[in-house]
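Visitor: sequence below, structure please.
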Amino acid sequence: MGPGNYLHVAVVGVGGVGTQVVEQLIASPIYGFQLAALASSKRMLQSTKDLCISPVGWKDALNASETPVDLSAVKSTLQELVKQGEKVVFIDNTSSQDVAEIYPALLSVGINVVTPNKKAFSGEVELYKGIVQASKSGKCLHESTVGAGLPIISTLRDLVETGDKVVKIEGVFSGTMSYIFNNFSSVEGSNESFSSIVKGARAQGYTEPNPADDLNGADVARKLTILARLIPELKDKQGNFPLLHGYQSVETTSLIQDAPASAVSNGDEFMQWLPEQDAHFAQMREQAANEGSVLRYVGVVDVKNKVVKAELAKYPKTHPFATSLGGSDNIIMFHTERYGKRPLIVQGAGAGNDVTAMGVVSDILKLIRL
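Guide: A predicted model of the protein is given here:
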């Protein structure tokens, strides 16, 4: 790993996922690391020549810090370490657009970036292009932006880089949508109302504080954007990446398109409004059941027809999307030239602090092995 015997890490965002990232790094018996910086939304802490951040009391030390967050200072610290020949990584555990915007500047000076933040890779194409170009100097790994700890991005990269041709990717990409429709439209049948199941999902922490942020389909659209931009055949003749405006360019079916503005912006008001939609969803469930099918909210990247869409679709009760899913599982199918008759399937927990952090830490370990 260079002159030192450990990796220097700066951890930005120490909430649920961020805390798990630090704890998993501490628990790793194989590799050593040095905390170069820690930052929450309100304060930060940096190691200096006179002060090293102890992995044992890192949380208390950060809480006691009175230093305001200054990511340019973190960049300077890491850049100096790069000049000394050390290997460093900037770990962004936030969902901040502002933090995502600085990735090109970090990468261009040799600072590696690891993140579960989808916004850098699923927004306007100019930022994405900047990250790709700057990645010639530093590595940018983001396995956990799709499927948390599941090997979705790495599988797609391996297929593409070994010369396979992707025909179609389809799957249940949202743990929230998975939980809701696994219970609402099960193979065995269900009479429970849509709003009641969403209410239960919210109470168990499966949804955002405002479930409208899950049911609008944007999260799935972001994940599809990330995957689509990794497929060479979806570039245009000039070599430009697809989906110019990122997730906003994806054909997305929102399940709350009739919701009033006040409900979309307030979780409690949304839950008061949602029962008005129960009859609509019950009718869709009944129609699917009469056809021997179930409802699933899926994402599709159809390479052949150059279509990227997120939608509520019907699948036969014998289909893996109907029979294989439980809880809030994700399941993704890769249809390729090599995997033509039987698609390559990746399935498992696609949400949760621990598995998301595992995806982040796995990327960090990949950097160490390079």
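Visitor: every contact and neighbour count from this point should use C-alpha atoms.
Guide: Will do.
Visitor: what helix or strand does the closest residue in space to residue 263 that isn't next to it in sequence sit in?
Guide: Setting aside the residues directly before and after it, residue 263 is nearest to residue 270 in space (CA to CA, 6 or more residues apart in numbering), at 4.1 Å. Assessed by DSSP states H and E, residue 270 sits inside helix 267-273.
Visitor: show me what contacts the residue nearest to residue 263?
Guide: The neighbours of residue 270, taking CA atoms under 8 Å, 6 or more residues apart in numbering as the test, are 210, 211, 212, 259, 262, 263, 264.
Visitor: now restrict those to buried residues only.
Guide: For the contacts of residue 270, a burial check counting by 16 or more other CA atoms under 10 Å picks out 210, 211, 212, 263, 264.
Visitor: so can I have TSV of the residues you listed showing distance to residue 308 and secondary structure?
Guide: Putting those into TSV (distance: CA to CA, whole Å; DSSP: H, G, I helix; E, B strand; the rest coil) gives the following:
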residue	distance to residue 308	secondary structure
210	26	coil
211	24	coil
212	22	helix
263	28	helix
264	25	helix
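Visitor: farthest pair within those?
Guide: Of all pairs drawn from the buried ones among the contacts of residue 270, the widest gap by CA to CA lies between 211 and 263 and measures 10.0 Å.
Visitor: count of neighbours near residue 216?
Guide: Other residues within reach of residue 216 by the criterion other CA atoms under 10 Å amount to 18.
Visitor: how about the nearest residue to it, chain neighbours excluded?
Guide: Per CA to CA, 6+ apart, closest to residue 216 is residue 254, 4.3 Å.
Visitor: in terms of pLDDT, where does that neighbour sit?
Guide: With respect to pLDDT, residue 254 scores 96.
Visitor: now it, what are its backbone angles?
Guide: Here is the backbone geometry of residue 254 (degrees, to the nearest 10): phi -90, psi 140.
Visitor: quick check: the gap between it and residue 363.
Guide: Remark: distance between residue 254 and residue 363 (CA to CA, to the nearest Å) = 32 Å.
Visitor: ok, residue 163 next?
Guide: From residue 163 to residue 363 the distance is 23 Å (CA to CA).
Visitor: more neighbours, the two?
Guide: Neighbours per residue (other CA under 10 Å) separate residue 163 from residue 363, with residue 363 holding more: 22 against 11.
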